[in-house]
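>>> pasting the structure only:
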C-alpha cells in the first residue's frame, strides 16, 4: 500500500513539474503577443539588465552623457544600495560595473534608490525612506572613476516636498515625483485633486531649479505636475511626458502626455512651503497614448528617439523575468 502511494505521489509530482515547464515555455513563446503593444513599436534589445544576478532590485535609470547609463536600486538582505554603470554604444561592447552607496554621514544606505538622474557632475538619488524624503547628491566623476564595488559617499542630502520615489532632470530642473497606491502607499492630502478633465489624481511631481553647478534650490519648487496612481518613473520625450505605471504582476502602462495640451488647460496653483506653485495636470485631456508593457516597469530613458525601459522582474527578488525578455533592457520607438 505504501509503495503504491509513493508511486502515485511521484507520478503526481512529475505531472506538476511537466505542466509547470509547459506553462513557462508557453508564456515565453506568447510574451511577444501578450505585450504586442510594446514589442511591435520597433522594439530593440539594448543590453543585459544591470545586476540581475547580483541580488540587485532595479529602480532608477538615467542617461549620464558620453555613452554612459546609470541604474540605481536596492539590494536583497538589506545590503548597501547600488548604482550600476553601463558604458558603451552597442550591445556587444557595453560594460557594466557598480558602486555601493553611502549617505552624507558616511553610513551605508539601504534605501530603495527609486530614482536617479544627472546634471553636470551631480548624480541625484531619491531617498523615499528619509523623514522627510530627500535627494542624496553624489559626484558623477567619483562614480565613473571608481573601481568595481567601491563605496561612494553622498555630498549632500536635500529634503524635498514629495515622497521622492523617482526623479528626472530636464532643462536645468530636477523633477521629483511620488508613488501612490490606495491603502498602502500614501501621499499628502494636498496632493490629491480633481483635474480639469474630471480625473482624480493622487500624487505630484515637484520641479526644483538647479544652479549652474547642479545645487538644488530646495526651499520650494518652481512648478508642479499632478499625476495619476502607481507611477514609477518619468521622462520628457520630444514635447511629450511619459509616465511609467506598474505594481506587481499586472501589465505595466506607459502613459504619454502632450505637454502643450496640458499647459493649455485651465491652470491653477498648489501651496508648497507657504508659496503658490504653478500646477499642470497630466490627465485624460492631454493623454495621447497608453502603451501596455511587461510587468514591473520602473524608470525610463529617452535617447535618440527611442524609449528605454528598465524593469525589476528579472531581479533575484522576483525571478520570473529571467525566463522572459526582462533579463534585458528593451527600447521602443517613440
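Received the coordinates, thanks. Quick caveat, the model's predicted, so the values are computed rather than measured. Numbers count the residues shown, from 1 in each chain.

>>> I figured residue 177 hits residue 230, correct?
No. Taking contacts as CB atoms under 8 Å, residue 177 lies outside contact range of residue 230: 11.6 Å. C-beta here means a position set from N, CA and C on the backbone, and glycine is covered the same way.

>>> When these two are compared, which one has more neighbours?
Between residue 177 and residue 230, residue 177 has the larger neighbour count (other CB atoms under 10 Å), namely 28 against 21.

>>> residues in contact with the more buried one?
Residues touching residue 177, when contacts are defined by CB atoms under 8 Å, 6 or more residues apart in numbering, comprise 115, 162, 165-167, 203-206, 225, 227, 231, 234.

>>> can you pull up the bridge partners for it?
Note on residue 177: beta-bridge partners residue 166, residue 205, judged by DSSP bridges.

>>> now it: how far from residue 78?
When CB to CB, to the nearest Å is applied, the distance between residue 177 and residue 78 equals 25 Å.

>>> Over to residue 151?
Taken as CB to CB, the spacing of residue 151 relative to residue 78 amounts to 16 Å.

>>> For those two, work out which one has more neighbours and name it.
With neighbours defined as other CB under 10 Å, residue 151 and residue 78 compare such that residue 151 has more, 12 against 9.

>>> Quick one, grab the pLDDT at that one.
Residue 151 is assigned a pLDDT of 99 by the prediction.

>>> Backbone torsions only: list them for it.
Residue 151 adopts backbone torsions of phi -90, psi 140, taken as degrees, to the nearest 10.

>>> what does residue 271 give?
phi -90, psi 120.

>>> Could you check how many residues crowd around it?
Under the criterion other CB under 10 Å, the count of neighbours that residue 271 has is 11.

>>> again, but for residue 92
By other CB under 10 Å, 7 other residues sit near residue 92.

>>> before we move on, which element is it in?
When elements are defined using DSSP states H and E, residue 92 is found to belong to no helix and no strand.

>>> Now do the contacts for it.
Taking CB under 8 Å, 6+ apart as the definition, residue 92 has no contacts.

>>> Partner strands of the particular helix or strand that has residue 224 in it and their direction?
Residue 224 is part of strand 223-227, with elements assigned from DSSP H and E. Strand 223-227 sits in its sheet next to strand 203-209 (antiparallel), strand 275-281 (parallel), going by DSSP bridges.
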